[in-house]
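Colleague: with the sequence up front, the predicted model follows.
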Amino acid sequence: MSCLFNLLRNYVYRRSAADGLCRKYMYTATCGRYCTSLSIEKGYRSFSTSFHVHNRTSHSKVISFSRLIQTWTERLSRADVPEAECSVNLIVAHAFGKKMVHEVDMKTVLSEQILRSIDEMCSERLKRVPVQYIIGEWDFHDMTLEMRQPVLIPRPETEELASIIVDEWPLEREQEGTFLEIGCGTGALSLYILSKLPNVQCIAVDKSETACTLTLTNASRFNLQDRIQVIHGDIFKDQTISELSCNGPYNVLVSNPPYLTSDEMDTLEKEVAGYEDHGALHGGTDGLDIICRILAESCNLIKDKQSVLWLEVGLEQPEKIKKIVELHPEFMLSYIKTIQDFTQRGRFCKLQLKK
């Protein structure tokens, strides 16, 4: 575990050397990704500068910026809220319209409205509401996306998958074609691919209407709405598969499907269990229900033997998926390889159509 801690610490420091705040990396060092948080050690600047708070009924009073952060950090810590100090720093920065605390102008007037906003947001964190929902946004690579409860918050592992897909896009002559994402959530994966491959089109599907709406909202943020079509549908319904087939075939199929087992669902952090969509997490008793459906329908959706299927799955599932494909030749898939995530554990599966 100490090696994993050091790896994460060093990675975070490289990404945000100025203050070490793990904006991207809260809730990331997990047992199975969603179960147990590992806090990143502190590395942010300490501020002792004071703010003037303007009050309509009294003279200005002085409040220490560091004291403001310390007070709320202590309250969250006493309540056993994970990443308490990181949470407070992110909330305070957001109250000032910034991403990081070190970006806040120390001469800014700290109004009653800002203090009230910080108190309200920190109070939500006390209830274990994820910071991403509280501040309403989160970073995915170089894209700041809107977050909306209960749509699943993108994890760093999915950032890795997005990079891999772009790097290994199957068409050698030109980076073009159409891909399908099953379970688009916030739209993070699809929108990143579209932003890096300007000749590519996307069809995205999700059974959550809130997720579909959020994907379109985020697409508009980056002027990508004309290159993505979002379908509200359930892949377990033949009507949805038929609609997806009519819009295909696809050069690439990507998915970060629900893959947690029923036992793993019982061990979720309060932030995840209480606020994120369980339908985007639970993959059935063995975690493979949705994965098996995707494998079975891929031959009806992807284009030819150059077409690729990418999956982000649980830590013990790549070998199970490989065995499923071997036992079901009717799926017409070849298991190509397993790629490790940044913790050096098998996370991403690459498959290819045989026909």
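Modeller: Everything's here; your move. Numbers count the residues shown, from 1 in each chain.

Colleague: which SS class is Ala162?
Modeller: Following DSSP: H, G, I helix; E, B strand; the rest coil, the label given to Ala162 is helix.

Colleague: kindly report the same for Leu309.
Modeller: Following three-state DSSP, Leu309 is assigned to strand.

Colleague: can you tell me the closest non-neighbouring residue to it?
Modeller: In space, and not counting its chain neighbours, Leu309 is closest to Leu351: 4.3 Å by C-beta to C-beta, 6 or more residues apart in numbering. All C-beta spots, glycine's among them, are computed from the backbone N, C-alpha and C.

Colleague: ok, now how distant is that neighbour from Lys127?
Modeller: Going from Leu351 to Lys127 by C-beta to C-beta, to the nearest Å gives 41 Å.

Colleague: stretch 276-291: end-to-end distance?
Modeller: Stretch 276-291 has its terminal residues 20 Å apart, counting by C-alpha to C-alpha, to the nearest Å.

Colleague: and it, how far from the chain's centre?
Modeller: 16 Å (C-alpha atoms, centre = their mean, to the nearest Å).

Colleague: switch to numbering from 48
Modeller: All right, first residue 48 from here; so that's stretch 323-338.

Colleague: ok so, going back, I'd guess the residue nearest to Leu356 is in a strand, am I close?
Modeller: Yes - the assignment for Leu398 by three-state DSSP puts it in a strand.

Colleague: who does it bridge with?
Modeller: Leu356, Tyr382 (DSSP bridges).

Colleague: got any ranges where the stretch 48-197 of the chain has weak pLDDT?
Modeller: Within the stretch 48-197 of the chain, the stretches with pLDDT under 70 are 48-111.

Colleague: so the residue nearest to Leu356 is in contact with Val360, correct?
Modeller: No - using C-beta atoms under 8 Å, Leu398 makes no contact with Val360, being 11.4 Å away.

Colleague: quick check: neighbours shared by these two?
Modeller: Counting by C-beta atoms under 8 Å, 6 or more residues apart in numbering, the contacts common to Leu398 and Val360 are Ile368.

Colleague: helices of the stretch 98-247 of the chain, start to end?
Modeller: With DSSP state H, counting those that start in this stretch as the criterion, the stretch 98-247 of the chain has helices at 112-125, 131-142, 159-173, 178-182, 203-214, 235-243.

Colleague: nearest to Asp324 among those helices would be which one?
Modeller: helix 178-182 (11.7 Å; C-beta to C-beta).

Colleague: packing partners of that closest one?
Modeller: In this structure, helix 178-182 makes packing contacts with helix 131-142, helix 159-173, judged by 3 or more C-beta pairs under 8 Å, 6 or more residues apart in numbering; DSSP states H and E.

Colleague: now render these as CSV, adding distance to Glu184 and mean neighbour count.
Modeller: What follows is the helices and strands packed on helix 178-182, written out as CSV (distance: least, C-beta to C-beta, whole Å; neighbours: other C-beta atoms under 10 Å):
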stretch, distance to Glu184, mean neighbour count
helix 131-142, 8, 23
helix 159-173, 13, 16
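
Colleague: which of these sits closest to Val277?
Modeller: Closest among those, using C-beta to C-beta: helix 131-142, at 27.6 Å.

Colleague: what's the closest one packed up against?
Modeller: helix 112-125, helix 159-173, helix 178-182.

Colleague: in contact with Glu256, which residues?
Modeller: By C-beta under 8 Å, 6+ apart, the contact set of Glu256 is His279.

Colleague: same question, the one 5 residues further on
Modeller: With contact set as C-beta under 8 Å, 6+ apart, Leu261 has these partners: 193, 195, 198, 232-234.

Colleague: just the pLDDT for it.
Modeller: Leu261 carries a pLDDT value of 98.

Colleague: hmm, back to that, neighbour-wise, which one of the contacts of Leu261 leads?
Modeller: The most crowded member of the contacts of Leu261, judged by other C-beta atoms under 10 Å, is Gly234 (32 neighbours).
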